[in-house]
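**Q** fold the stuff below for me.
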Amino acid sequence: MQRLATLSAIVLLVTLSLIARPAVTRAADTPNVVVIFIDDMGYADVGPFAGKDGLPGYETPNIDRMATEGRVFTDFYVSQAVCSASRAGLMTGCYNIRVGIQGALGPNSRIGINADEMTIAEVCKQKGYATAIFGKWHLGDAEKFLPLQHGFDEYFGLPYSNDMWPYHPAVMHLPMEQRLKRWPNLPLIEGNKVINPALTHEDQEKLTTQYTEHAVSFIERNKDKPFFLYVPHSMVHVPLHVSDRFKGKSKRGLFGDVMMEVDWSVGQILDTLRKNNLEKNTLVIFTADNGPWLSYGDHAGSAGPLREGKGTEFDGGCRESCIMWMPGTVPAGTRTSELAMTIDILPTVAHLIGAKLPDHKIDGLNIWPLIKGEPDAKSPHEAMFMYWGTQLQAVRMGKWKLHFPHDYRTLDGKPGGTGGIPANYSKGHIELSLFDLENDIGETKDVKDDYPDVVKRIMKLADEMRKDLGDGKDPGTGRREPGKR
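**A** Down below sits the predicted model:
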């Protein structure tokens, strides 16, 4: 009986101590991470990057505020200026050529992201994070390639680009039966299940709103635990679609309307973080997958002072506007021209939350000192390497960019198309050329003859990279296979 009384007293004391104990709070080393990734947005399509003349007929007040409260990265790159390749670099921390993902994967692609690669979501799962993606995936549409098999708890969105459907301008002259042989219907997926097998124009008009509503709901549902949220918008990729709320609101036409809705979406996400007192514990990264699809003219954005656009390794294609935001940690109203790339986000997040990096080689490096604005923080990269397909076309080292001889697509001064119908590109060619981007942001003046030592140094770095990732028909030794059906 005495032992029973003693046991009862112990249970009572433990119970009282639990009641008296303060509520468990999140550890300081478990910040949330949000990545907002816009499709085909030009360098100069948002206020902080628009230049002295501002935006043409629309405004981006929420993104402007994000820059005022955060840190602008002026020299921020993607691994390759096209949809799937760019996303492969972001998700894996690797140059896309290392993980075997090139170009823009179409419907029923035979390849996709390999299960052996570690995504940012899988990095976060090590620490028990809730993870979600709402938007365009584009790393393979077979179930084995979809987000839930690669570290994400939730997925709502498109498996690939919104123009990969039977209303693509290249097939509109054909009967529907023949169109469907070229481009099947565009599905909307939730989890691993197709919830709408054939999107219409009216359905696409709802996408930005739906992605935003899902993002807001996810934050609300996970406000008391750490989360990783990835919002890769389908816009402003053509065909442009916008909700009734923003139709006709800009003086820039449909493109301006769509940019205004994207800005609204950013505002909704940031406001939800503020409402739940999460802003000081959440790193938000805003950037894009590649530059503007210039052939679409009035349905495309602007690379501003940068040369060319999507589909090229000139800066207009692979250099993106980028803003980092975490009030109280990221210094407000600051800018940096130090080099960084989307491949750096994975290792930076791993550092931030104390997670392990993958065992295999990655190319990204931790840029947290740059994001925090630490005194004298420098880019950890000696150089960045710009591949188009498997061809090494350019190398950025400090303020210098060296192009190797290559062909590229260009409008060559001609206007782009109108009303969603693209103009035809011409083929351009560049010989070995060195540009000083600090003084020649538009890559217009070749100065290789004035700086032979710089050319020699970059050539040496390029040769070392070719041994690893190859160049053209030379495969190198460091490439890995993509996933296969």
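
**Q** what's the least confident helix or strand in this protein, going by average pLDDT?
**A** Ranked by mean pLDDT, DSSP states H and E, the helix or strand of the chain with the weakest confidence is helix 2-20, at a mean of 43.

**Q** which parts of the stretch 251-400 of the chain are helices?
**A** Along the stretch 251-400 of the chain, counting by DSSP state H, counting those that start in this stretch, helices occupy 254-275, 315-318, 345-353, 368-372.

**Q** so which of those is the most surrounded?
**A** Each of the helices of the stretch 251-400 of the chain was assessed for mean neighbour count using mean count of other C-beta atoms under 10 Å. The highest is helix 315-318, with a mean of 29. Just so you know, the C-beta spots here come from the backbone N, C-alpha and C atoms, and that holds for glycine as well.

**Q** hmm, who's touching that helix?
**A** Contact with helix 315-318 is made by 42-43, 77-81, 290-292, 294, 303, 306-312, 386, 401, 437, 441, 443, as judged by C-beta atoms under 8 Å, 6 or more residues apart in numbering.

**Q** same question for stretch 241-252.
**A** Judged by C-beta under 8 Å, 6+ apart, the contacts made with stretch 241-252 from elsewhere in the structure are 55-58, 162, 201, 204-209, 235, 254, 256-261, 264.

**Q** what about Ile345, distance to Met397?
**A** The gap separating Ile345 from Met397 is 21 Å, by C-beta to C-beta, to the nearest Å.

**Q** now do the SS call for Val34.
**A** Under DSSP: H, G, I helix; E, B strand; the rest coil, Val34 falls in the strand class.

**Q** can you pull the contacts of it?
**A** Contacts of Val34 (C-beta under 8 Å, 6+ apart): Phe228, Leu229, Tyr230, Val231, Ile269, Leu273, Thr282, Leu283, Val284, Ile285.

**Q** residues in contact with the residue nearest to the last one when sequence neighbours are not counted?
**A** Of all residues beyond its chain neighbours, the one nearest Ile285 is Val35 (4.9 Å), with distances taken as C-beta to C-beta, 6 or more residues apart in numbering. Val35 is in contact with Leu90, Ile120, Leu229, Tyr230, Val231, Pro232, Val284, Ile285, Thr287, Ile345, counting by C-beta under 8 Å, 6+ apart.

**Q** give me the phi and psi for the third one.
**A** What that stands for is Leu229. Backbone torsions for Leu229, taken as degrees, to the nearest 10, come to phi -120, psi 130.

**Q** what sits against it?
**A** So Leu229 contacts Asn32, Val33, Val34, Val35, Thr131, Ala132, Phe134, Ala215, Phe218, Ile219, Ile269 (C-beta under 8 Å, 6+ apart).

**Q** and stretch 158-166, how far apart are its ends?
**A** End-to-end span of stretch 158-166 (C-alpha to C-alpha, to the nearest Å): 15 Å.

**Q** neighbouring contacts of that stretch?
**A** By C-beta under 8 Å, 6+ apart, the surrounding residues in contact with stretch 158-166 are 39, 83-84, 104-107, 109, 135-138, 140-141, 146, 176, 179-180, 182-189, 199, 204, 207, 234, 237-239, 241.

**Q** shaky segments in the protein?
**A** Across the chain, residues meeting the criterion (pLDDT under 70) sit at 1-29.

**Q** map the structural domains onto the sequence of it.
**A** Per the record, the chain has its domains at 32-382, 386-484, by automatic domain parsing.

**Q** measure the shortest one end to end?
**A** Separation of the first and last residues of domain 386-484 by C-alpha to C-alpha is 25 Å.
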